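# My questions are about this predicted structure, shown below with the sequence.
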Amino acid sequence: MTIASAWTPEDTLRRAAAWRKEGRAVALATVVATWGSAPRPVGSQLVVDDRDNMVGSVSGGCVEGAVIREARQAIATGRPRLVEYGIGDETAWQAGLTCGGRLKIYIEPLE
């Protein structure tokens with residue numbers, strides 16, 4: 001797995017396009033709503049390919065692992081998904097979102 005340590009939002013989309021051009025399967029995760037003390041603002045993005053490479057961030061690391069698993073499922077099924085993480089959810093503690101906020105993330109396979 002490769003994780004880019006420094007990026008801009010434009011780098012995230014450029015990387016997604018480059019990976020698609022190379023024939024890789026790719027999913028894009030985008031923060032579409034936040035409530036409370038969310039770690040990243042609406043519009044933040046993370047791109048994941050079928051080789052477990054990723055660029056970007058949707059949560060500053062606290063739920064990235066869970067989002068990557070969802071992105072893998074989106075790639076495998078070819079279907080988008082809308083996921084939500086928050087302090088009140090059992091999954092939030094498992095995923096690591098303990099900041100008190102909520103995130104809604106849209107994850108879509110790119111063609």
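Everything's here; your move.

# pLDDT-wise, which helix or strand of this protein ranks last?
Within the chain, no helix or strand scores below helix 90-95, which has a mean of 50 by mean pLDDT, DSSP states H and E.

# what comes into contact with the very next helix or strand once past that one?
Downstream of helix 90-95, the first helix or strand assigned by DSSP states H and E is strand 102-110. Contacts with strand 102-110, where a contact means CB atoms under 8 Å, 6 or more residues apart in numbering, come from 16, 20, 25-36, 38-40, 58-59, 63, 67, 70-71, 74-75, 77-88, 97. Just so you know, the C-beta spots here come from the backbone N, C-alpha and C atoms, and that holds for glycine as well.

# What is the burial count for residue 82?
Residues lying near residue 82 (other CB atoms under 10 Å) number 12.

# What separation is there between it and residue 111?
19 Å (CB to CB, to the nearest Å).

# Where helices are concerned, which of the contacts of strand 102-110 count?
If you go by DSSP state H, these have 16, 20, 67, 70-71, 74-75, 77 in helices.

# Could you say which of those is surrounded by the most neighbours?
residue 71 (29 neighbours).

# and that residue, what is it in contact with?
By CB under 8 Å, 6+ apart, residue 71 lies in contact with 27, 29, 46, 48, 107.

# same check, this time on residue 48
Residue 48 sits in contact with 26-27, 29, 54, 68, 71-72, 75, where contact means CB under 8 Å, 6+ apart.

# Next one: it relative to residue 58, how far apart?
Taking CB to CB, one finds residue 48 at 11 Å from residue 58.

# got any residues that touch both of those two?
residue 29.

# sorry, back to before: which one of the contacts of residue 71 is nearest residue 8?
residue 46 (13.5 Å; CB to CB).

# Figure out the helix or strand that that closest one lives in.
Judged by DSSP H and E, residue 46 forms part of strand 45-49.

# tell me the mean pLDDT over that strand?
What strand 45-49 shows for mean pLDDT is 95.

# Thanks a lot, catch you later.
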